[in-house]
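In: sharing a sequence plus its predicted fold:
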Amino acid sequence: MEHSDTKKIKILFLFVVVLLGFIIFLGTLFYWATIDRRLPRLDHKEVNYALRGNIVSADGFKLATSQKLYKALVDTRNIDPKKFELFVKLYSLYSGDDPKAVAATLKSNSGSTVLSYRIDSKTAKYLQELSRKLYKLGVFKSYDDPKTGVSFLHGLSVIESGEDRLYPSMDSVTPVLGYVKKIEHKNITKTAGVKGIERYYEDKLSAAQDSLLVGARDISNAIILDGNSISSRRFDGYDVHLTLSLKMQKIIENVLDKHSKTLESKEVIVGVMNSETGELLILATSNRFNPDLIEKKDYGALNIAAVEYLYEPGSVLKPIAFALLLKANKVNPYDIVNVYGGSYKIGNKVITDTHKADKLTAEDVIVESSNVGTAILAQKLDAVEFYQGLKDFGFSVRSGVDLPFENPGIIPAMNRFNSPIYKATVSYGYGMNATFMQVLKAYSVFNNNGRISTPRLVKKIVSPSGQDLYPEKAAENQILPVSVAKRVQKILIKVVQEGTAKGTRMEGLEIGGKTGTAHIAEGGEYVRSYNGSFFGFANDKNNRFTIGILVREAKKRHAYFAAQSAVPIFKEVVEKLVENGYLTPSSELQVSPVKSKVP
């Protein structure tokens, strides 16, 4: 019995020992299977990240472009302590980083450490070359991992970390150009448009696909391309080509900076548009910023005032109201209008003129910019004619220009046009709100035989393969008969020849337009602050440009009048167009405005 019990105990002990050994064996297998043994992988993956597309000016300059960013990593455990100072000196020399900062980073970290995040392509190549030299100099040595017992040697690594957006023209073409924000995805920095062209064409500019190469690797760490390898092509974003000329943009921006300072204005905006195609040659402002370095003081300039700022346009609306009267056959340019010495009462509102007169012809109501005459003539339009006419000219609807966050503006509801007072005030540009771009678009009608053109900033989009794609052109609606458009055009020429815009005359060019000086309302009341504007056209034998100027809140004494602010700027813009070959004065181009003075 005792012998049998002893035998059972021995068998049980043997079984426990074997079981324990088996458990230890399984545990060891699991441990080595799950820990990072830092052994070379049999397969290898290479990613080449795609870049955001370029924005290019009409004269071929890159206004926005992207470059690859790299980061440098080193495992501090692989740096030979005896050659630590050598590593710091060489790395700082090649990277341009501060040696003290590099040394501090290395000393405060153990293991894999990032030394630099924003390394450009050129510096990355230098550092990759340095990495090879450091191996030869014996700066790196193997390190035995005490946890795994495995030795490894990781030198200096330079890997792609994303992209950086650059704006070589600095503050030019802003805020139209816009800016981007950074997006971090899986430790890779990408960019996305926030404002301007960058935002509007985000779907075209953004990178489409990164290239990927996966496969087994040979002894030299190169990927073996065989039937088992996987590869995909890299597709960068499309390039967006603008209608704006960088050269002209810079020239006009300098003009605006000068005048804005002299006038002590809040902002000066200029737009020059091809009247027939709608292409914008210039869309400039005195309020700009550098997209590479946006500071707190720039916040006010980030919005595109040409499409976002709403204001009452004032007297520049008078030719539009007159055109609606001509279209409806409600007035003849030679009709005599009693303007009552420049003071007229409608209901409880007294309307006054700056220039006093007793009688004017209907067209001279526009030439002399008579509020009284315009208000009286506007009563001839019924509510539908006036309301729908303004809608046809593009008011209270977005202009369609390829910019984000465009404001549609406001005109009174149609039933409000049954009120004589509303008819009067809207006819001379009050009681409604519009954007600079809407007024510019509306004035293109007079210089394009009654057709309205949609402003646009992009000429074409070019795919990574070089294929040219052209944005679909908006339909041009005939909103005025040709005869009416030409008659208003002649009246606008007469304004320049004889009226409130004499300062824009230039021999050999066909120039017309209308001034506007409008009170600014704050808190429901008009204050002593004004917007001065001039909208019109400048033509030679081959080119037809619609041009708009808006001077916001000039503080210099008497400079708030459009004749003293917007008109001189218009004249200088036309001179710059002539100097740079966009307009050519000709002695053959004779301007003969219609004469219709009251006897």
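Out: Sure thing, it's come through.

In: residue contacts, the spatially most central residue of the chain?
Out: When Cα atoms, centre = their mean is applied to the chain, the residue found nearest the centroid is Gly196 (2.2 Å). Gly196 sits next to Thr174, Pro175, Val176, Leu177, Gly178, Tyr179, Ile304, Leu403, Pro404 when contact means Cβ atoms under 8 Å, 6 or more residues apart in numbering. Glycine gets a C-beta too; all of them are placed from N, C-alpha and C.

In: in these, find the pair that's most separated.
Out: Thr174 and Pro404 (14.3 Å; Cβ to Cβ).

In: show me which of the two is the more surrounded one.
Out: Legend: neighbour count by other Cβ atoms under 10 Å for Thr174 and Pro404, higher for Thr174 (28 against 18).

In: now the more buried one: how far from Ile197?
Out: For Thr174, the distance to Ile197 equals 10 Å [Cβ to Cβ, to the nearest Å].

In: what of Arg52?
Out: 12 Å.

In: next one: Tyr70
Out: Tyr70 is 28 Å from Ile197, by Cβ to Cβ.

In: more neighbours: which of those two?
Out: For the pair Tyr70 and Ile197, the greater number of neighbours falls to Ile197 (26 against 21), based on other Cβ under 10 Å.

In: wasn't that one part of a helix?
Out: Yes: according to DSSP: H, G, I helix; E, B strand; the rest coil, Ile197 belongs to a helix.

In: was I right about it contacting Val176?
Out: Yes: here Ile197 reaches Val176: they are 6.5 Å apart, a contact under Cβ atoms under 8 Å.

In: shared neighbours of these two, anything?
Out: Leu403, Leu457.

In: residue contacts, Ile264?
Out: You called it Ile, but residue 264 is Glu. Going by Cβ under 8 Å, 6+ apart, the list of residues near Glu264 reads Ala554, Lys555, Lys556, Ala559.

In: I'd like those as a markdown table, with secondary structure and neighbour count appended.
Out: Formatted as a markdown table, the contacts of Glu264 follow (DSSP: H, G, I helix; E, B strand; the rest coil; neighbours: other Cβ atoms under 10 Å):
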| residue | secondary structure | neighbour count |
| --- | --- | --- |
| Ala554 | coil | 27 |
| Lys555 | coil | 11 |
| Lys556 | coil | 13 |
| Ala559 | coil | 20 |
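
In: lowest-confidence entry in those?
Out: Of all these, Ala559 has the smallest pLDDT value, namely 74.

In: how far away is that residue from Thr352?
Out: In this view, Ala559 and Thr352 are 22 Å apart by Cβ to Cβ.

In: not counting its neighbours along the chain, what's nearest Tyr167?
Out: Nearest residue to Tyr167, sequence neighbours excluded (Cβ to Cβ, 6 or more residues apart in numbering): Pro291, at 4.5 Å.

In: which element is that neighbour on?
Out: Using DSSP states H and E, Pro291 falls within no helix or strand.

In: what pLDDT does it get?
Out: 94.

In: now the helices for the stretch 101-250 of the chain?
Out: For the stretch 101-250 of the chain, the helices defined by DSSP state H, counting those that start in this stretch occupy 121-136, 196-200, 202-205, 246-263.

In: and the third one, what does it pack onto?
Out: Right, the one you point to is helix 202-205. strand 188-195 (3 or more Cβ pairs under 8 Å, 6 or more residues apart in numbering; DSSP states H and E).

In: residues in contact with the strand it packs on?
Out: With contact meaning Cβ under 8 Å, 6+ apart, strand 188-195 is reached by 49, 52, 66, 69, 160-165, 175, 178-184, 199-202, 205-207, 302-304, 404-405.

In: off-centre distance for it?
Out: 14 Å (Cα atoms, centre = their mean, to the nearest Å).

In: make sure Ala64 is actually in contact with Ser172.
Out: No: using Cβ under 8 Å as the test, Ala64 is too far from Ser172 to be in contact (11.1 Å).

In: pick out whichever of the two has more residues nearby.
Out: Ala64 (27 against 21).

In: on contacts alone, who are the packing partners of the host helix or strand of the more buried one?
Out: Here Ala64 sits within strand 62-75, counting by DSSP H and E. If contacts are counted by 3+ Cβ pairs under 8 Å, 6+ apart, strand 62-75 sits against strand 55-56, helix 84-95, strand 112-119, helix 121-136, strand 157-166.

In: what is the last one packed up against?
Out: Okay, so that is strand 157-166. Strand 157-166 packs on strand 62-75, strand 112-119, helix 121-136, strand 188-195, going by 3+ Cβ pairs under 8 Å, 6+ apart.

In: so for that strand, what gets flagged as buried?
Out: Ser157, Val158, Glu160, Ser161, Gly162, Glu163, Asp164, Arg165 (16 or more other Cβ atoms under 10 Å).

In: what about that strand, distance to the chain center?
Out: Distance, centroid of strand 157-166 to centroid of chain: 24 Å (Cα atoms, centre = their mean).

In: cool, the fourth one as well?
Out: Remark: helix 121-136 is offset 38 Å from the chain centroid, using Cα atoms, centre = their mean.

In: quick one, it and strand 62-75 angle?
Out: Counting by axes from the mean of the first three to the mean of the last three Cα atoms, to 10 degrees, helix 121-136 lies at 20 degrees to strand 62-75.

In: now helix 121-136 against strand 157-166, angle please.
Out: 170 degrees.

In: low-confidence ranges in the stretch 451-599 of the chain?
Out: 588-599 (pLDDT under 70).

In: hmm, I was thinking of the stretch 251-400 of the chain
Out: Checking the stretch 251-400 of the chain against pLDDT under 70 turns up nothing.

In: repeat the analysis, applying 90 as the threshold.
Out: Along the stretch 251-400 of the chain, segments meeting pLDDT under 90 span 293, 295-296, 298, 300, 342, 344, 347-349, 352-358.

In: show me where it has strands.
Out: Ranges of strands in the stretch 251-400 of the chain, per DSSP state E, counting those that start in this stretch, are 267-274, 280-285, 336-338, 343-346, 349-352, 359-361.
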